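Student: Provide a 3D model corresponding to the input given below.
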Amino acid sequence: MTAAVPAGIEADVVVLGLGAAGVAAALTAAEAGADVLVLEKQAEDRHTPSAAFAGSMIMVTVDEDQAARYLVACAAGGTPEPECRAWARGAADLQDWLVQRCPGLTVHDLTGHHAGSIYPDLPGADGVVTREFRLPGQTAGSGELLHRMLLDRAVATGRVRIRWASPAEELLRVETGRVIGVRAADGTVVRARGGVVLATGGFENDPQACRTYLRAWPTYFTGNPGNTGDGLRMALALGADLWHMTVVIGRQCTHVQGPDGRWHNYQMGLTYDPFVVVDGEGRRYCDETAYVRIHTTWHEMQLWDHRKRSFSRVPSYWVFDSRRFARRLAAGAEPVRSTRPRWSDDNMAELERGWVVSGDTVRELGEKLGFPDPDELVRTVEGFAAGAPRGEDPFGRPAETMAPLDRPPYYAVRLFPGGVNTAGGPRHDASGRVLDVRGTPIAGLFAAGTVSQLIGHTYPSPGAGWSEALTTGRIAGAAAARGADDPPAEIPG
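Tutor: Below you'll find the predicted structure:
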């Protein structure tokens, strides 16, 4: 809308959202000398940014040209070269940037399939590597603690103010079209002399948006429950263009009802233990271990069966025997302030709640899962076992990941496509400026992080989420701070 912003609260840079991208934007703008005000939707004692659910890996670039080529290839046309190059350039010094701002943080090389690009066959794959950060006194890192350290650093600059429990509702702009402020849900108006940075997260917890934009339904997510598409709606109201709206940071999740009646989502830890994933009729349909290597199983789950007029793989079922049940099934970090119950280490509580289904035989398990023909699951498990000794599999599953499921009882968990967060949103350029439907920058409006990620359909490397959020946050924060040096000639008041 076009509005005259009344006198009152103002800052050089206004950041909406205090996740990884938001805190990076605020810190960068403050270090550039800007006065920064952050509006955070959640209350301070209930703040659960998606970064708090993240692990300790982060992707960095070791060759800008190669990395840019690789990121373009991973995006498959969804993210243009200039924006991918900006990410590649920004991630080159990301490790040093973190170490300099987080006392005691160390960064370590990794080995194995976590060490670098997920798709080494794509051009430029050698331009990215993944490293692990560790914090003082830790043998492994913590996304929650890293976020806290960056937030403390931002506040310590003396230039960052935070208004907690202040969701933004509307972007305000002058007749020229420049964004010069924001209206919070409580009616408070905040003026931005330099620019507004959208860092409000994705739309993963807005069911209507998910059903509108994503490929399959239902789809469930494990990230910040406060991410309900606020930034998307505010940008759309100003005519922003959109990109890769069907993209998510994909995982397989289960969706279960807790003892309190509330529904909760958990990422499931599919590993190389003997297991299969089957559709609603008990049939396998992919190399299940591709999830571990290249994050693809969730893509396979989104098939629309035109004969049945349904997503016949939603839900799917993760089937395994007593060997896998002996270890915790859920994956991913659980932040201190998380409102969902912690998944138990021995899975017994979840078995009692019905989140995990068991059967003494494979056929009994198929009956409990409600398959039309429980014997179809028996044939699937027997066929998998028959191919295991020879390493033969119709879906190309690696021989070393195959073994008969022959240690009863048998178990299953329902799986849905989903993941941590959505990645689509308002299109922005290499400087973080949000673009309208004609490709023109909306002056004074920037975007960073999962409100509008650079990541395309193919996830480039372990730790790419951290890398993209911090890099785009730094880019947008710096650009908004520069805007504060050249504000509009007149801010109506």
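Student: correct me, but residue 297 touches residue 288?
Tutor: Yes: with contacts counted by CB atoms under 8 Å, residue 297 reaches residue 288, the gap being 6.1 Å. From N, CA and C alone the C-beta is placed, and that goes for glycine too.
Student: now for the two: what residues contact both?
Tutor: Residues touching both residue 297 and residue 288 (CB atoms under 8 Å, 6 or more residues apart in numbering): 270, 277.
Student: how about stretch 258-273: buried residues?
Tutor: 264, 265, 266, 267, 268, 269, 270, 271, 273 (16 or more other CB atoms under 10 Å).
Student: need the CA coordinates for it. PDB is fine.
Tutor: C-alpha atoms of stretch 258-273 as PDB (Å, rounded to 0.1, in the frame of the first residue of the first chain):
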ATOM      1  CA  GLY A 258       0.500 -36.500  21.000                       C
ATOM      2  CA  PRO A 259      -1.000 -37.400  24.400                       C
ATOM      3  CA  ASP A 260      -2.200 -33.800  24.700                       C
ATOM      4  CA  GLY A 261      -4.200 -34.100  21.400                       C
ATOM      5  CA  ARG A 262      -1.800 -31.900  19.500                       C
ATOM      6  CA  TRP A 263      -0.200 -33.000  16.300                       C
ATOM      7  CA  HIS A 264       3.600 -33.100  15.900                       C
ATOM      8  CA  ASN A 265       6.100 -33.600  13.100                       C
ATOM      9  CA  TYR A 266       9.400 -35.500  13.300                       C
ATOM     10  CA  GLN A 267      12.100 -36.100  10.800                       C
ATOM     11  CA  MET A 268      12.800 -39.800  10.500                       C
ATOM     12  CA  GLY A 269      16.400 -41.100  10.600                       C
ATOM     13  CA  LEU A 270      16.500 -43.400   7.600                       C
ATOM     14  CA  THR A 271      19.900 -45.100   7.600                       C
ATOM     15  CA  TYR A 272      21.700 -47.900   6.000                       C
ATOM     16  CA  ASP A 273      20.200 -50.500   8.400                       C
END
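Student: neighbouring contacts of it?
Tutor: 220-222, 251-257, 277, 288-289, 291-292, 297, 318, 320, 323-324, 328-332, 340-341, 343, 353, 400-401, 413, 415, 418-420.
Student: just stretch 74-92 next, same as before
Tutor: By CB under 8 Å, 6+ apart, the residues outside stretch 74-92 that reach it are 59-62, 64-65, 67-68, 71-72, 119, 122, 127-128, 243-244, 247, 428-431, 454-460, 467-468, 471-472, 474-475.
Student: can you select the buried ones from the contacts of stretch 258-273 in PyMOL?
Tutor: Filtering the contacts of stretch 258-273 down to the buried ones (16+ other CB under 10 Å) takes a single PyMOL command:
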select buried, resi 220+221+222+251+252+253+254+255+256+277+288+289+291+292+297+318+320+324+329+330+331+332+340+341+343+401+413+415+418+419+420
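Student: looking at the contacts of stretch 258-273, which are in strands?
Tutor: 220-221, 251-257, 277, 318, 320, 413, 415, 418-420 (DSSP state E).
Student: how's this structure carved up into domains?
Tutor: Under the assignment automatic domain parsing, the domains of the chain span 9-55+67-90+145-247+423-484, 249-419.
Student: winner for burial among the ones you listed?
Tutor: Across the domains of the chain, averaging neighbours per residue (mean count of other CB atoms under 10 Å) puts domain 9-55+67-90+145-247+423-484 on top, at a mean of 23.
Student: how far off centre is it?
Tutor: 13 Å (CA atoms, centre = their mean, to the nearest Å).
Student: quick one: average confidence on that domain?
Tutor: Mean pLDDT, domain 9-55+67-90+145-247+423-484: 95.
Student: which ones are touching residue 257?
Tutor: 263, 264.
Student: in which helix or strand does residue 70 reside?
Tutor: In this assignment (DSSP states H and E), residue 70 forms part of helix 64-75.
Student: quick one: the following helix or strand past that helix to helix 64-75, angle?
Tutor: Counting by DSSP H and E, the next helix or strand C-terminal to helix 64-75 is helix 81-90. Between helix 81-90 and helix 64-75, the angle comes out at 130 degrees (axes from the mean of the first three to the mean of the last three CA atoms, to 10 degrees).
Student: ok, residue 206 - contacts?
Tutor: Going by CB under 8 Å, 6+ apart, residue 206 touches 228, 229.
Student: and the gap between it and residue 459?
Tutor: Counting by CB to CB, to the nearest Å, the gap from residue 206 to residue 459 is 22 Å.
Student: for the buried residues of stretch 258-273, which one is nearest residue 172?
Tutor: residue 265 (34.7 Å; CB to CB).
Student: the closest one in helix, strand or coil?
Tutor: On the three-state scheme (DSSP: H, G, I helix; E, B strand; the rest coil), residue 265 is labelled strand.
Student: report the beta-bridge partners for it.
Tutor: Applying DSSP bridges to residue 265 gives these bridge partners: residue 255.
Student: look up how far residue 280 lies from it.
Tutor: Residue 265 is 20 Å from residue 280, by CB to CB.
Student: that older thread, reformat the buried residues of stretch 258-273 into CSV and put distance to residue 152 and pLDDT next to each item.
Tutor: Output for the buried residues of stretch 258-273, formatted as CSV (distance: CB to CB, whole Å; pLDDT from 0 to 100):
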residue, distance to residue 152, pLDDT
264, 30, 94
265, 29, 94
266, 29, 94
267, 28, 91
268, 33, 92
269, 31, 88
270, 35, 85
271, 35, 79
273, 40, 77
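Student: which pair in those spans the largest distance?
Tutor: Farthest apart among the buried residues of stretch 258-273 by CB to CB are 264 and 273. That separation is 23.8 Å.
Student: so what's the closest residue to residue 84 other than its chain neighbours up against?
Tutor: Leaving aside its chain neighbours, residue 84 sits nearest to residue 71 (3.9 Å; criterion: CB to CB, 6 or more residues apart in numbering). Counting by CB under 8 Å, 6+ apart, residue 71 makes contact with 79, 84, 87, 88, 124, 128, 454, 460.
Student: out of these, who's nearest residue 21?
Tutor: So of the contacts of residue 71, ranked by how close each gets to residue 21 (CB to CB), first place is residue 454, at 11.2 Å.
Student: I figured residue 205 hits residue 228, correct?
Tutor: Yes: under the criterion of CB under 8 Å, residue 205 makes contact with residue 228 at 4.9 Å.
Student: now do the helices in this structure.
Tutor: Using DSSP state H, the helices of the chain run over 20-31, 64-75, 81-90, 94-101, 143-156, 207-213, 230-237, 290-294, 297-300, 322-325, 348-353, 362-369, 374-387, 464-484.
Student: any chance of those helices in TSV, plus distance to residue 437?
Tutor: Shown next, in TSV, are the helices of the chain (distance: least, CB to CB, whole Å):
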stretch	distance to residue 437
helix 20-31	24
helix 64-75	20
helix 81-90	17
helix 94-101	32
helix 143-156	34
helix 207-213	16
helix 230-237	10
helix 290-294	34
helix 297-300	29
helix 322-325	49
helix 348-353	46
helix 362-369	46
helix 374-387	48
helix 464-484	20
